[in-house]
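>>> Predicted model, plus sequence, below.
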Number of protein chains: 2
Amino acid sequence: MLDQTIKVDLSSTKKPKPDADKLQFGKLFTDHMFIMNYKEGQGWHDPRIVPYQPLKLDPSCVVFHYGQTVFEGMKAYVTKDGEVQLFRPNKNFERLNRSNDRLVIPQIDEEFALEALKKLVSIDKDWVPTAEGTSLYIRPFIIATQPYLGVAPSSEYMFIIIMSPVGAYYKEGLNPVKIQVEDEYVRTVKGGTGEAKTGGNYAASLKAQEISGEKGYSQVLWLDGKEHKYVEEVGSMNMFFKVDGKVITPALNGSILQGITRDSIIQLLKHWNVPVEERRISIEEIYEAAANGKLEEAFGTGTAAVISPVGELLWKNEKVVLNEGKTGEISKRLYDTLTGIQYGTEPDPFGWTVKVE
Amino acid sequence: MLDQTIKVDLSSTKKPKPDADKLQFGKLFTDHMFIMNYKEGQGWHDPRIVPYQPLKLDPSCVVFHYGQTVFEGMKAYVTKDGEVQLFRPNKNFERLNRSNDRLVIPQIDEEFALEALKKLVSIDKDWVPTAEGTSLYIRPFIIATQPYLGVAPSSEYMFIIIMSPVGAYYKEGLNPVKIQVEDEYVRTVKGGTGEAKTGGNYAASLKAQEISGEKGYSQVLWLDGKEHKYVEEVGSMNMFFKVDGKVITPALNGSILQGITRDSIIQLLKHWNVPVEERRISIEEIYEAAANGKLEEAFGTGTAAVISPVGELLWKNEKVVLNEGKTGEISKRLYDTLTGIQYGTEPDPFGWTVKVE
Ligand SMILES: Cc1ncc(COP(=O)(O)O)c(C=O)c1O
Ligand SMILES: Cc1ncc(COP(=O)(O)O)c(C=O)c1O
């Protein structure tokens, strides 16, 4: 582990905390942030917790021009005993390092990053909201900060963690969404950056999302970039379908994000002896299953919503309504179990949660 | 045209100008920069020329997380009469707006942007280097600045122009480069962002470039993302081949950048009655032509080098040496003519140059 002490500079003023019912994802941030710098020849250095504040960057910094950046997303939860815990945070830092590798960003020390995160959360502990379904969203990210316009990996970086209290995703119970299968635009392709959590993938998605949003669909379901035939994933969720009693999800093929919720769900299903398969899934197969009355459920999985049941699919003007637009049984059970583990109301047989302090 | 005055705040100190032989692309910037802000409901506003200075941005700004950013690259040249001129700058702002469209960034007023650029160049006129082959590199770019972690188009942006004096690209005459045909990684695919000048495309390219650099190749030649079969473009250049007396270049297929040098070269070749074709070109076709002794020349085209002759290609461990590794005749003629127009030593029959002041 990186043998460095984290310098702490506490904020002299504290921002007022918002009401639990007014929490808005990603708009308000806690009193502090973690920063660590990298410089070629020097490595990662100067880890510190400082008051949340603007970054001062030269306009020629690599991140502004060539998108050399990676990020993560996870949450801290308060248990009924008032303890704060994280959900599989080591998986996030592992994935951050895989993203780093693809983006030619230097590796971070995962253990040290987790220590830094725990310290930051414990300092801003009062910011973890306690109302049902609320949590503290955690955003670690790395940006390339060398002031140089050459197209080359940056020689300087900043690793930063910021945190934002978020309200309950579902205020009136699990709410199925309408999803449009995207036929023109593409998010990424094998050999590209799809497996990495990097800005460019999300920038590429905005256009399709805007168009489908105008049609009343809340998310876009991406097909593969090669043949526009196979299901990849949704905006910020992996996809699962329940067909004829079996749960299926696209295999990790190099172009979809290796979701941590996805992995947890596969483990849970196996634990329950529910048949689950990771494989290539064509959108035609899903539409055929629907036509034959065998498409029982569909849902997205991700840190934000945990489970997002799909009530309707649209592909090339053909609509499919799932489970009468209602949340399915397995979606509900997965949601209840996973959130139960996260909030400490259910046992944690897999050792997924990590206490802070 | 946007009816707004550009506020000018001149720098009280001037940085020393570097020696002509010490100029390094994109590391040193002129005394001033142009900035203009956008806010939803308000549009683009507050255009100003200010001393070159760091940007102060909230760590949650969209650009740091979701790569919503576009840029351009062009140059200002000093003519033998001491006049400063730009090369087809309107094409750059047109392309910037096409990039904006793909990235869901609001359109800029192209005419106004050109006025702003001219004003900035004229204020920093002393920074346009005069030694042979030198120029002032101009980098307009737009970054998404809303402090919000939601994956959605930003409601705030900054449009910025910075400028950097650059040395001669070729110090000892046109110098052929060695290029590796990339077989694993992919830059983009149809339906993606390849046609836009946006950070993510360049971030995606770093890994392959690093690997081929270690093998001694200076650039990567991208194949299409779908079949890994057709020639797309090089790092920051479009590709041309001369085969059996005919010049061929990949057609604009939605995944390659619409290079302004590319367009100028096609026009020049037509003007000279040299046969030129824009079409799909497989890498196999190029290798076959080489085997049959019909591959006469290959070159990349872009603002930085204008023409970059290719002396060697490597594809799947198979090497092809072109024109004995020397610069070909058409490459040389195109280079001399285009740079002649840019520096005002050759007539400009197409009206491509635009005087500053
Ligand atoms: C593109 C994409 N796919 C899937 C996911 C789900 O991943 P996780 O379950 O780790 O949150 C996310 C969200 O993080 C994402 O951005
Ligand atoms: C990916 C890419 N292709 C091609 C080019 C060449 O374009 P232009 O001739 O307009 O400089 C560039 C450079 O700007 C580029 O970045």
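Ah, there it is. Ligands and ions are numbered 1, 2, ... in the order given.

>>> From now on I want contacts and neighbour counts done on CA atoms only, so please keep to that.
Noted.

>>> Can you show me the helices along the stretch 101-250 of chain A?
For the stretch 101-250 of chain A, helices defined by DSSP state H, counting those that start in this stretch occupy the ranges A:110-123, A:199-214.

>>> How far away from the center of its chain is the last one?
Just to be clear, that refers to helix A:199-214. Mean C-alpha position of helix A:199-214 versus that of the full chain (Cα atoms, centre = their mean, to the nearest Å) differs by 16 Å.

>>> Same check on stretch A:21-30?
Its chain's C-alpha centre and that of stretch A:21-30 lie 17 Å apart, by Cα atoms, centre = their mean.

>>> again, but for stretch A:72-79
With Cα atoms, centre = their mean as the basis, the mean position of stretch A:72-79 lies at 11 Å from the chain mean.

>>> Would it count as contacting chain B?
No: using Cα under 8 Å from any Cα of the partner chain as the criterion, no contacts between stretch A:72-79 and chain B are found, and the smallest distance is 9.4 Å.

>>> Now do that stretch: everything it contacts.
Among residues not part of stretch A:72-79, those counted as contacts by Cα atoms under 8 Å, 6 or more residues apart in numbering or on different chains are A:84-87, A:89, A:92-93, A:95-96, A:128-130, A:134-141, A:197, A:303, A:342-345.

>>> same thing but 7 Å
A:84-87, A:92, A:96, A:128, A:130, A:135-141, A:197, A:303, A:342-344 (Cα atoms under 7 Å, 6 or more residues apart in numbering or on different chains).

>>> can you list the domains in chain A?
The record's domain parsing of chain A by automatic domain parsing lists A:7-166, A:177-343.

>>> Relative to B:Pro176, which of these is closest?
With Cα to Cα as the measure, domain A:7-166 is the member of the domains of chain A nearest B:Pro176 (19.5 Å).

>>> ends of the closest one, how far apart?
The first residue of domain A:7-166 is 27 Å away from its last residue (Cα to Cα, to the nearest Å).

>>> Work out the gap between it and the centre of the chain.
Here domain A:7-166 shows a centroid-to-chain-centroid distance of 14 Å under the convention Cα atoms, centre = their mean.

>>> That one vs ligand 2: in contact?
No: under the criterion of Cα under 6 Å from any ligand atom, ligand 2 is not reached by domain A:7-166; the shortest gap measures 9.1 Å.

>>> avg pLDDT for that domain?
Domain A:7-166 shows a mean pLDDT of 97 in the predicted model.

>>> Checking A:Gly311 next. Helix, strand or coil?
What DSSP: H, G, I helix; E, B strand; the rest coil gives for A:Gly311 is strand.

>>> got the residues of the stretch 201-350 of chain A near ligand 1?
Within the stretch 201-350 of chain A, the positions lying close to ligand 1 (Cα under 6 Å from any ligand atom) are A:235-238, A:257, A:259-262, A:301-303.

>>> residue in chain A nearest to ligand 2?
Of all residues in chain A, A:Val151 sits closest to ligand 2, at 9.1 Å by Cα to the nearest ligand atom.

>>> Could you tell me the phi and psi values at that residue?
Recorded main-chain torsions at A:Val151 are phi -80, psi 90, according to degrees, to the nearest 10.

>>> and it, how far is that from B:Ala196?
Distance from A:Val151 to B:Ala196, counting by Cα to Cα: 16 Å.

>>> okay, those two: which has more neighbours?
The neighbour comparison of A:Val151 against B:Ala196 (other Cα atoms under 10 Å in any protein chain shown) goes to B:Ala196, with 26 against 17.

>>> measure the nearest residue to that one once chain neighbours are set aside to B:Val121 for me?
The spatially closest residue to B:Ala196, leaving aside those adjacent along the chain, is B:Ser99, at 4.4 Å (Cα to Cα, 6 or more residues apart in numbering or on different chains). Here the distance between B:Ser99 and B:Val121 works out to 24 Å (Cα to Cα).

>>> ranges for the helices of the stretch 251-357 of chain A?
Using DSSP H, counting those that start in this stretch, the helices of the stretch 251-357 of chain A run over residues A:260-271, A:283-291, A:329-342.

>>> For these, give me TSV that also has mean neighbour count.
Listed next are the helices of the stretch 251-357 of chain A as TSV, based on neighbours: other Cα atoms under 10 Å in any protein chain shown:
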stretch	mean neighbour count
helix A:260-271	17
helix A:283-291	16
helix A:329-342	18
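
>>> Of those helices, which is nearest B:Ala204?
Across the helices of the stretch 251-357 of chain A, B:Ala204 has its closest neighbour in helix A:260-271 (23.0 Å, Cα to Cα).

>>> and that closest one, what other elements does it pack with?
If contacts are counted by 3 or more Cα pairs under 7 Å, 6 or more residues apart in numbering or on different chains; DSSP states H and E, helix A:260-271 sits against strand A:276-279, strand A:295-302.

>>> quick one: strands adjacent to the last one?
Looking back up the chat, that one is strand A:295-302. Using DSSP bridges, the neighbouring strands of strand A:295-302 in the sheet come out as strand A:237-243 (antiparallel), strand A:306-315 (antiparallel).

>>> Could you do the shortest one as well?
Sheet pairing here is set by DSSP bridges, and for strand A:276-279 it gives strand A:246-250 (parallel).

>>> got the contact list for the partner strand?
By Cα under 7 Å, 6+ apart, the list of residues contacting strand A:246-250 from outside reads A:231-232, A:239-242, A:275-281.

>>> Between all of the residues you listed, which two are at the greatest distance?
Based on Cα to Cα, the longest span within the contacts of strand A:246-250 runs between A:Glu232 and A:Pro275 and measures 20.4 Å.

>>> which one of those two has more residues nearby?
Neighbours per residue, other Cα under 10 Å: of A:Glu232 and A:Pro275, the larger number sits with A:Glu232, 30 against 14.

>>> and the more buried one, what is it in contact with?
Applying Cα under 7 Å, 6+ apart, we find A:Glu232 in contact with A:222-224, A:250, A:256.

>>> cutoff 8 Å now
Applying Cα under 8 Å, 6+ apart to A:Glu232 gives the contacts A:221-224, A:238-239, A:250, A:255-256.

>>> do you know how far it is from A:Asn92?
Using Cα to Cα, one gets 21 Å for the distance from A:Glu232 to A:Asn92.

>>> and what of A:Lys80?
When Cα to Cα is the yardstick, A:Lys80 and A:Asn92 sit 25 Å from each other.

>>> More neighbours: the two, which one.
When A:Lys80 and A:Asn92 are compared on other Cα under 10 Å, the one with more neighbours turns out to be A:Asn92, at 20 against 12.

>>> secondary structure class for the more buried one?
helix.

>>> Skipping adjacent residues, who's closest to it in space?
A:Glu72 is the one closest to A:Asn92 (Cα to Cα, 6+ apart), at 6.3 Å.

>>> How about the backbone phi and psi for that neighbour?
The main-chain torsion angles of A:Glu72 are listed as degrees, to the nearest 10 and equal phi -140, psi 170.

>>> Can you get me a residue count around it?
By other Cα under 10 Å, neighbour count at A:Glu72 equals 20.

>>> for the one 4 residues further on, same thing?
By the criterion of other Cα under 10 Å, A:Ala76 has 28 neighbours.

>>> Who does it form a beta bridge with?
With DSSP bridges as the rule, A:Ala76 is bridged to A:Leu86, A:Leu136.
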